[in-house]
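Novice: Below is the structure, and that's it, no one-letter string:
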């Protein structure tokens, strides 16, 4: 039996909740688990992942075991598995840095962050906790726009000898400087910004690629997203959205044969609707021309539970980190990133990216 993939999580929010639930769910359900991407990858299953530490700033999560913390407010994702007695990893008090925007502090407590009064751990202390937990992978699930916080945890991962999986749109794997740091340290780096299991970006890319395949000239397109979780509330601060818009827009632009002008494409979070909770609703429209310039357009509405959609990809990425370590790979892992992330170091069409992922894992 292979050793479990010992994983720490920075940011114990909705996505972490779905991930922790999924691991326990798969441990019980095994082959009967529903909706698992790559039930076996490189010989590893989701139940091979073991969460050994968490880092957060909220008073309702800090100093609790992670199975309790992921169920605490302001988390609001669907509870599909509540038997989390096996999830006993401690949640430590991380630093605020830019992970808690002013916007997120000035809301009712049931929907906002409530920073803990416990002192934040220093970088040295976080490195010590990662080593003590024997973590081999650190997963970043911090709020969008947390550039300083993401880079802080990336440095901690380097010092602790952890592979890094970056789930949010702060560019690490796609940044040559950070990729070199991990290469020099002999550690894998996988990212950036999870492309959901069946989300707006995947569907939008597919529609754009289909138009090209059928000879349709796409003139303009948009993707407008609304949701009710803390991520959407946080993204009401427009200053935190620059990388998110770039990540989502590039994911669609690179799926098309011809790039659109900046004024002809608009993609990204649009509004926060509290009663949607963790549901995300995406409105996608493409306008274009058929033979002879005849007009055509398509509109669609996609609704998903947001956080399980990302957690499905996290389960795959964590296993990829172990596989990369076993192969002695370091730096940005292109073949593990292209299928799973919106802003990977190398953009690849989804069918090719799928094949490359399987080949990387030895499952082709």
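Specialist: Everything's here; your move. It should be emphasised that the depicted structure is a prediction, and the values quoted were computed from it without experimental measurement.
Novice: buried ones in the worst-scoring helix or strand of the chain on mean pLDDT?
Specialist: One helix or strand of the chain scores below all others by mean pLDDT, DSSP states H and E: helix 102-105, with a mean of 80. If you call a residue buried by 16 or more other CB atoms under 10 Å, then helix 102-105 has these buried ones: 103, 104. The C-beta positions use only the backbone N, C-alpha and C, and glycine is treated the same way.
Novice: ok, then the element right after that helix?
Specialist: Once helix 102-105 ends, the next helix or strand along the chain (criterion: DSSP states H and E) is helix 123-132.
Novice: Report the mean confidence score over that following helix.
Specialist: Taken as a whole, helix 123-132 carries a mean pLDDT of 98.
Novice: Can you get me a residue count around the residue lying closest to residue 152 once chain neighbours are set aside?
Specialist: Once flanking residues are discounted, residue 152 sits nearest to residue 97: 5.9 Å by CB to CB, 6 or more residues apart in numbering. Number of residues near residue 97 (other CB atoms under 10 Å) recorded here: 17.
Novice: So residue 97 sits against residue 146, correct?
Specialist: Yes: counting by CB atoms under 8 Å, residue 97 touches residue 146, with 7.0 Å between them.
Novice: Specify the local secondary structure of residue 92.
Specialist: The three-state label given to residue 92 by DSSP: H, G, I helix; E, B strand; the rest coil is strand.
Novice: Need the three-state assignment for the nearest residue to it once chain neighbours are set aside.
Specialist: Closest residue to residue 92 apart from its sequence neighbours, by CB to CB, 6+ apart: residue 55 at 5.2 Å. Of the three states, residue 55 takes strand under three-state DSSP.
Novice: How about the contacts made by residue 55?
Specialist: Residue 55 sits next to 8, 9, 10, 11, 12, 91, 92, 93, 94, 121, 126, 153 when contact means CB atoms under 8 Å, 6 or more residues apart in numbering.
Novice: Excluding residues flanking it in the chain, which one is nearest the fifth one?
Specialist: This means residue 12. Closest residue in space to residue 12, ignoring its immediate chain neighbours: residue 56 at 4.1 Å, by CB to CB, 6+ apart.
Novice: and that neighbour, what are its bridge partners?
Specialist: residue 93 (DSSP bridges).
Novice: any idea how far residue 91 is from it?
Specialist: 5 Å (CB to CB, to the nearest Å).
Novice: Need the overlap of contacts for the two.
Specialist: 12, 62, 69.
Novice: what about the residue nearest to residue 152, which SS state?
Specialist: Applying three-state DSSP: residue 97 is coil.
Novice: re earlier: residues near the residue nearest to residue 12, how many?
Specialist: Residues near residue 56, counting by other CB under 10 Å: 30.
Novice: heads up, I number from 3, so please use that
Specialist: Fine by me, first position is 3 from now on; the one you just mentioned is residue 58.
Novice: so how far is residue 222 from it?
Specialist: From residue 58 across to residue 222, the span is 41 Å (CB to CB).
Novice: Could you do residue 175 as well?
Specialist: 30 Å.
Novice: Who has more neighbours out of these two?
Specialist: residue 175 (28 against 15).
Novice: and the spatially closest residue to the more buried one that is not a sequence neighbour, what does it touch?
Specialist: Leaving out its chain neighbours, the residue that sits closest to residue 175 by CB to CB, 6+ apart is residue 193, at 3.7 Å. Residue 193 makes contact with 142, 166-169, 173-176, 334, 339, 343, 345-346 under the criterion CB under 8 Å, 6+ apart.
Novice: Among the residues you listed, which one lies nearest to residue 296?
Specialist: Minimum distance to residue 296 across those is 34.9 Å, recorded for residue 345 (CB to CB).
Novice: Check which helix or strand the closest one maps to.
Specialist: Going by DSSP H and E, residue 345 is not in any helix or strand.
Novice: What does residue 304 show for phi and psi?
Specialist: Backbone geometry at residue 304, expressed as degrees, to the nearest 10, gives phi -120, psi 130.
Novice: residue contacts, it?
Specialist: 201, 202, 205, 283, 284, 286.
Novice: 10 Å instead, please
Specialist: Each residue near residue 304 by CB atoms under 10 Å, 6 or more residues apart in numbering is listed here: 200-202, 204-206, 225, 227, 282-286.
Novice: and of those, the nearest to residue 217?
Specialist: For these, the nearest to residue 217 is residue 206 (19.2 Å; CB to CB).
Novice: which residues does the closest one contact?
Specialist: Taking CB under 10 Å, 6+ apart, one finds 223-225, 250, 253-254, 257, 269, 284, 286-288, 302, 304 in contact with residue 206.
Novice: make it 6 Å
Specialist: Shown in contact with residue 206 (CB atoms under 6 Å, 6 or more residues apart in numbering): 225, 254, 286.
Novice: Secondary structure, pLDDT and distance to residue 160 for those - can I get that in CSV?
Specialist: Converted to CSV, those look like this (DSSP: H, G, I helix; E, B strand; the rest coil; pLDDT from 0 to 100; distance: CB to CB, whole Å):
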residue, secondary structure, pLDDT, distance to residue 160
225, strand, 98, 35
254, helix, 97, 32
286, strand, 98, 39
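Novice: Scan the residues you listed and report the most crowded one.
Specialist: Within the contacts of residue 206, neighbour counts (other CB under 10 Å) peak at residue 225, which reaches 26 neighbours.
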